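Asker: the following comprises the amino acid sequence and a computationally predicted model.
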Amino acid sequence: MPPLTTIGFDADDTLWENELYYHAAKRRFAAQLSFACPEEHSLAALDEIEVRNVDIYGYGIKSFSLSMIEAAARLLPDRLEPELIDSVLAISKEMLLHPVELIDGVTAALDRLAAAYSLVLLTKGDLFEQQLKIKRSGIADRFRAVRVLQAKTAEVYAQVLGDLGVPPGEFVMVGNSLRSDILPAIELGARAVFIPHALTWSHEHVQAEHLPSHGWIEIASLADLPSALQALEAEQPWRTAACD
Ligand SMILES: [Mg+2]
């Protein structure tokens, strides 16, 4: 394999916290309906509606807002008062206005890696929301290119790399989602580094038998990324850093 020249970073739950706020919002939603519905029942209904709505509305907080209202309408068909809709919308407005919280060590890791690699930020989701987060993050200037993508498939990665003039063999994608960051990169002939986050939406999970057998490595945090890149370039055995 050729040496790596370019690192693609996922943003949500790789560079900054994201799923944390969805978990808190879901708990708040369930608490608001708890006068009539058991919280576990509300959470299950919301999850089912949210996953289905991604194909209709796309990702992001505005899509999530519609899912909460739909879930409330399903769970409380005779008791969906305007005050309840207001309180549900207040949850999502707070999410939209929340400051970006970088994950520990991100700035130092990017500054260190920028000396040896070209860095790009590839995030999936709602354009308005992601652009706002990128601006609020204060780290946009570390990246050669920033792209907000509607999906993270091998075709989309190929298009982005083509635009940037980066051969897939020189590219490594870093992220917390096996489904969006790791699998499509490997499919394309690039490499990948998986940094699991304690909270990752179940929609992004992949069953073990569908995972590629080589070309990617799992690490615990961005601080381990330089050594993981060296291991990938040296074609170390699969996932040695995680399994040792
Ligand atoms: Mg992510």
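Answerer: Received it, and whenever you're ready, just let me know what you need.
Asker: which of the residues in the lengthiest helix in the chain are buried?
Answerer: Longest helix of the chain, by residue count under DSSP state H: helix 39-57. Neighbour counts over helix 39-57 (16 or more other C-beta atoms under 10 Å) mark Ser42, Leu43, Ala45, Leu46, Asp47, Ile49, Glu50, Asn53, Tyr57 as buried. C-betas here are computed from N, CA, C, even on glycine.
Asker: export it to PDB, keeping only CA atoms.
Answerer: Once non-C-alpha atoms are left out, helix 39-57 reads as follows in PDB (Å, rounded to 0.1, in the frame of the first residue of the first chain):
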ATOM      1  CA  GLU A  39     -40.800   6.100  29.900                       C
ATOM      2  CA  GLU A  40     -39.500   2.900  28.400                       C
ATOM      3  CA  HIS A  41     -42.500   2.700  26.100                       C
ATOM      4  CA  SER A  42     -42.000   6.300  24.900                       C
ATOM      5  CA  LEU A  43     -38.300   5.700  24.300                       C
ATOM      6  CA  ALA A  44     -39.000   2.600  22.200                       C
ATOM      7  CA  ALA A  45     -41.600   4.300  20.100                       C
ATOM      8  CA  LEU A  46     -39.400   7.300  19.500                       C
ATOM      9  CA  ASP A  47     -36.400   5.100  18.500                       C
ATOM     10  CA  GLU A  48     -38.600   3.200  16.000                       C
ATOM     11  CA  ILE A  49     -40.000   6.400  14.400                       C
ATOM     12  CA  GLU A  50     -36.600   8.200  14.400                       C
ATOM     13  CA  VAL A  51     -34.900   5.400  12.400                       C
ATOM     14  CA  ARG A  52     -37.700   5.300   9.900                       C
ATOM     15  CA  ASN A  53     -37.800   9.000   9.500                       C
ATOM     16  CA  VAL A  54     -34.100   9.300   8.600                       C
ATOM     17  CA  ASP A  55     -35.000   8.000   5.100                       C
ATOM     18  CA  ILE A  56     -37.700  10.700   4.800                       C
ATOM     19  CA  TYR A  57     -36.200  13.800   6.600                       C
END
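Asker: specify the next element, helix or strand, located C-terminal of it.
Answerer: Under the assignment DSSP states H and E, the closest C-terminal helix or strand after helix 39-57 is helix 61-75.
Asker: give the buried residues for that next one.
Answerer: Neighbour-count burial for helix 61-75, counted by 16+ other C-beta under 10 Å, picks out Ile61, Lys62, Ser63, Phe64, Ser65, Ser67, Met68, Ile69, Glu70, Ala71, Ala72, Leu75.
Asker: what does stretch 216-235 give?
Answerer: Trp216, Ile217, Glu218, Ile219, Leu222, Asp224, Leu225, Ala228, Leu229, Ala231, Leu232.
Asker: what is the nearest of those residues to the ion?
Answerer: When those are compared for distance to the ion (C-beta to the ion), Leu222 wins out at 12.9 Å.
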